[in-house]
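Asks: here is my input; please provide its structure:
(2 chains, ligands or ions: 1)
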Amino acid sequence: MDFGFSDVQVQVQTLARKILDDKVSPATLARYDEYQQERFDRDLWRTLLGAGLPGVAIAERHGGMGLGFTELGLFIEELGRSLAPVPVLTHCVAAMLPLQQFAPAALQERVLPAAARGDVLLTGAFWWGQPGVPDDPVDATLEAGGLRLRGCCEGVPFALQADKVLLAARHADGTAIVLLDTAAEGVGMSPMQVTHFEPHYRVELQDVLVPAADIVCHEGGEALLDWTRERCIAALCAQQLGAADYAMRMAASYTSEREQFGVPIATFQAVGHRMADCYIDVECLRLCAYQAISMLNEGGDATTEVQIAKIWAGDVGHRVSYACQHVHGGTGIDRDYPLWRYCLWLRYNEMTLGNSSAHSADLGSRLAAGQALFN
Amino acid sequence: MKIQFTEAQRALRDELRAYFSQMMTPELRAECERDMGEGGGPLWREALARMGRDGWIGLGWPEEYGGRSLSPLEQFVFVEEVMRAGYPFPFLTTESVGPTLAEHGNDWIREHIVPAILAGELLVSIGYSEPAAGTDLAALQTTAVRDGDDWIINGQKMWTSLAHFCDYTWLAVRTDPDAPKKHKGITMFLVPNSDPGWSCTPVHTLGGVRTNATFYDNIRVGDDHRVGEVNGGWKLITSQLNRERLSLINFGPISELFNRVVQWARETTLPGGAAVASQPWVQANFARCRTLIECMKLIVYKQSWAMTEGTLGMADASAAKVYGSEGFIEVYRYLGEVVGQAGLLRSDSAGADALAGKIERLYRTSSIITFGGGTNEIQRDIISAAGLWMPRASR
Ligand SMILES: Cc1cc2nc3c(=O)[nH]c(=O)nc-3n(C[C@H](O)[C@H](O)[C@H](O)COP(=O)(O)OP(=O)(O)OC[C@H]3O[C@@H](n4cnc5c(N)ncnc54)[C@H](O)[C@@H]3O)c2cc1C
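Replies: Predicted coordinates for the structure are as follows:
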């Protein structure tokens, strides 16, 4: 049982934090508020690629750093702390990781090195699911040249910016996973304006042909879906941890400076204790998120641990967000002060891929079936 | 970072679990039940000494005291398993006062008292609180006055738990009534409960648990019974309390209780024939408890790990205390809802069920944990100050 970071893990954290401190600030983030610009800092993205961070969990033979999901999770925690406008969760977690795990060797060799360099931008259409609700993949028919798709995928982050989208398609014999070329004929995109300004799209597919070479698997795609979604959830938890911790520290500093009745408001026990509760909450999220990430890194079954981490990510995000706004008074929601952006992200991460109540209901039904007990 | 037991830790846990399931005979279990889960009976004493002889109590202690030199994490796994088995383990003596004595005690204490604790043969009660000194502990008035090479102790303590069957009291006394800061005039002593000047009267509490008022009437002790510096006791008190906070939050028994209630709800049917566990609200309660206890587990494992690394922070120890104490109370409530009216029947009542009766009592005994061991308000003060660097009001 080791809760510490290895030297390499500290290096990843330090490298990420240094780049993000340097390149992301309230002023740079303000450029994307209200969809003034597409929320994708390409200069920052190139710097991160140059440092090798998006390929941290990709094998060295594919041009990655050859480290694991834990290191990727620690990198994502830093992205949460800074709210960096880069497509790491989509490119790395929702696309590169499942390709590395499931795609045929030839497809891996064609795509992964280019993706690790950033020559190809990937995304995955796996962010629109709720626990206990079956997936609704697009429809497909088998053809001589590959699979022909029709239907639509909701809420695909960075779909317009991406070169390829990993998605599930259902045909007569089962569920396939394909790597769709966004430039293929019949692909349409309409922007969706999400609460936190990240570019999301509805991807419409009108008889789009995916060539055989871009098919990850013809059948049994459910395994990839489950595998990928668990990692997407854990990544959201890591991002939530970074954001919640940062918002909490912002509120702690603000209340230590702001005076009313001639004293810093932090000295009122009601304020101090609300922040102490945030501290406990964030610590709980940290431990559960790290546990889920560490178990996924080892590759064993982490269904329950991932689910519990997401329940905490939802509850903690909600409580910390409102507590931080509250102890700031009006400043907390003033758009000239950086807290409000954190609150939007805390909300997004809370609700995406299953909110706390939905996951709790699922966990409860699994317990009632005799699963997920303590051992 | 690898948040999973190692093979060796898992093997140790399995070995302990087997050991305790064998140790907890029906007779011992019945005696512990009778003593309201506090221990102190003859079979309980015998089992403690056996654990001592078998080298379990000092698992994580250095060999010089008779320990086995494993880490605090292994020590924690031991306490978790012994408590999970339903044995009221005297963790305050072994896990909080014991280590403080080993760290600050003189030769006599290190050579005689500490090894006897690890052998399961010596128990220590804690004498801090007084009628007028609770949360404001530094206001305590029991005194020790020098008399030649000895000290004469006079005063009264309140809530001195387990004192009626302990061998010594770890006693906080005032040695400098004029200290400008009142916590700088306090010294720690180890006072024999067998002294003729020592007496106690029982105090009965809501949960049925007995505690004591203890009286110190001209007790004479040698200077070798003093622990730490004269007027330097406060540091020892806070260090002991930090350790107490961790050992209070033991997730072994509560995870066991949770598993048993889930199992019960799966096997027990409602009048219509459906299982208790099939009801959505029951499942919601289970999910809440499961989510809450999972974090309790991680918090205590992290603390044990931090103790091994020597990085245990004040804010985190206090966070564990607040989270654990408030969490226990919530879990007892949610599980009590699941067992229903049966959870209102005392375990010796007609129609009582062992599991529900346990919950009935746990609900009554759990209110102490939010204010005992340092009240949660003070813990939250510590968290905002030490964890978030927030200034706090002067007291
Ligand atoms: C069953 C039992 C066993 C015990 N065992 C022992 C033992 O073995 N040894 C021992 O020494 N003591 C023991 N105690 C005593 C225990 O540590 C005290 O009860 C505790 O320290 C609180 O003190 P008090 O009861 O005097 O309450 P008070 O100090 O009077 O507190 C009452 C309320 O006021 C609040 N309060 C006080 N100060 C502040 C503040 N600054 N800010 C905000 N709120 C505040 C408290 O949080 C609490 O809610 C035991 C108590 C019980 C009931």
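
Asks: where do the helices sit along chain A?
Replies: With DSSP state H, the ranges of helices along chain A come out as A:7-23, A:26-30, A:42-50, A:69-82, A:88, A:97-102, A:105-117, A:221-257, A:269-298, A:303-328, A:339-351, A:356-368.

Asks: sorry, slip of the keys, the one I care about is the stretch 151-300 of chain B.
Replies: Assigned by DSSP state H, counting those that start in this stretch, the helices in the stretch 151-300 of chain B fall at B:233-248, B:251-267, B:280-309.

Asks: residues contacting residue 256?
Replies: Picked chain A for this. By C-beta atoms under 8 Å, 6 or more residues apart in numbering or on different chains, the contact list for A:S256 reads A:264, A:266, B:389-391. Heads up, the C-betas are built off the backbone N, CA and C, glycines and all.

Asks: let's do chain B instead
Replies: Counting by C-beta under 8 Å, 6+ apart, B:E256 has contacts A:374, B:84.

Asks: go on, the one 3 residues further on?
Replies: The neighbours of B:N259, taking C-beta under 8 Å, 6+ apart as the test, are A:373-374.

Asks: surely B:R68 is in a helix?
Replies: No - according to DSSP: H, G, I helix; E, B strand; the rest coil, B:R68 belongs to no helix; its state is coil.

Asks: neighbours of it, how many?
Replies: 17 (other C-beta atoms under 10 Å in any protein chain shown).

Asks: look up phi and psi at it.
Replies: Note on B:R68: its backbone torsions stand at phi -110, psi 0 [degrees, to the nearest 10].

Asks: A:C232 and chain B, how far apart?
Replies: 20 Å (C-beta to the nearest C-beta, to the nearest Å).

Asks: report how many residues lie close to residue 297.
Replies: All of this is about chain A. 21.

Asks: that was the other one, I meant chain B.
Replies: 18.

Asks: ok, and the closest non-adjacent residue to the residue of the stretch 101-250 of chain A found nearest the ligand?
Replies: Using C-beta to the nearest ligand atom, the point where the stretch 101-250 of chain A gets nearest to the ligand is A:M248, with a distance of 21.9 Å. Of all residues not flanking A:M248 in the chain, A:C278 sits nearest, at 4.6 Å (C-beta to C-beta, 6 or more residues apart in numbering or on different chains).

Asks: isn't the one you found right up against A:Y246?
Replies: No - the pair A:C278 and A:Y246 fails to qualify as a contact (C-beta atoms under 8 Å) at a distance of 11.7 Å.

Asks: more crowded one of the two?
Replies: Neighbour count, other C-beta under 10 Å: between A:C278 and A:Y246, A:C278 has more, with 28 against 22.

Asks: interface residues of the stretch 201-350 of chain A facing the ligand?
Replies: With the criterion set to C-beta under 6 Å from any ligand atom, the stretch 201-350 of chain A never comes near the ligand.

Asks: in the stretch 201-350 of chain A, which residue sits nearest the ligand?
Replies: Here the stretch 201-350 of chain A gets closest to the ligand at one residue, A:Q269, 6.1 Å apart by C-beta to the nearest ligand atom.

Asks: over to chain B?
Replies: Closest point on chain B to the ligand, by C-beta to the nearest ligand atom, is B:G134, at 1.9 Å.

Asks: how is chain A divided into domains?
Replies: A:7-119, A:124-220, A:223-368 (automatic domain parsing).

Asks: these into CSV, with extra columns for mean pLDDT?
Replies: Listed next are the domains of chain A as CSV, based on pLDDT from 0 to 100:
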stretch, mean pLDDT
domain A:7-119, 98
domain A:124-220, 95
domain A:223-368, 97
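
Asks: need the winner for burial among these.
Replies: domain A:223-368 (a mean of 22; mean count of other C-beta atoms under 10 Å in any protein chain shown).

Asks: end to end on it, go ahead and measure it.
Replies: 24 Å (C-alpha to C-alpha, to the nearest Å).

Asks: what's the most distant pair in the contacts of A:S256?
Replies: A:P264 and B:W389 (11.6 Å; C-beta to C-beta).

Asks: reformat the domains of chain A as JSON lines; add distance to B:P115.
Replies: As requested, these are arranged in JSON lines below (distance: least, C-beta to C-beta, whole Å):
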{"stretch": "domain A:7-119", "distance to B:P115": "40"}
{"stretch": "domain A:124-220", "distance to B:P115": "54"}
{"stretch": "domain A:223-368", "distance to B:P115": "36"}
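
Asks: many thanks, have a good one.
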